[in-house]
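Colleague: no sequence for this one, just the structure:
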């Protein structure tokens, strides 16, 4: 049995919930209720893994316990990084 962390975002204006699966880039879904969003996420993950398997891609496993944090950033990036070197 595989286990994946999902991030659920509530959009109160749209009365919906969006779901992202960080370990599976591109695996996203949405629904009008939290419970339905989780059910849709299960189906999306299963479909995503099936497609990966059919294309011969390695199925990623999530290891460890996810830690969530929120970071605030300055939205005016043009002023702070005009001469930045990466």
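Modeller: Nice, thanks for sending it over. Predicted, not measured: the structure shown is a model, and the values here were computed from it.
Colleague: Can you classify residue 10 as helix, strand or coil?
Modeller: strand (DSSP: H, G, I helix; E, B strand; the rest coil).
Colleague: That one reaches residue 17, doesn't it?
Modeller: Yes: the criterion here is C-beta atoms under 8 Å, and residue 10 meets it with residue 17 at 5.4 Å. C-beta coordinates here come from the backbone N, C-alpha and C atoms, glycine included.
Colleague: the more surrounded of the two?
Modeller: Comparing residue 10 with residue 17 by other C-beta atoms under 10 Å, the one with more neighbours is residue 17, at 21 against 12.
Colleague: tell me the contacts of the most centrally placed residue in the chain?
Modeller: Nearest to the mean C-alpha position of the chain, by C-alpha atoms, centre = their mean, lies residue 20 at 2.4 Å. Contact analysis of residue 20 by C-beta atoms under 8 Å, 6 or more residues apart in numbering lists 6-7, 9, 27-28.
Colleague: Quick check: it vs residue 70, distance?
Modeller: 15 Å (C-beta to C-beta, to the nearest Å).
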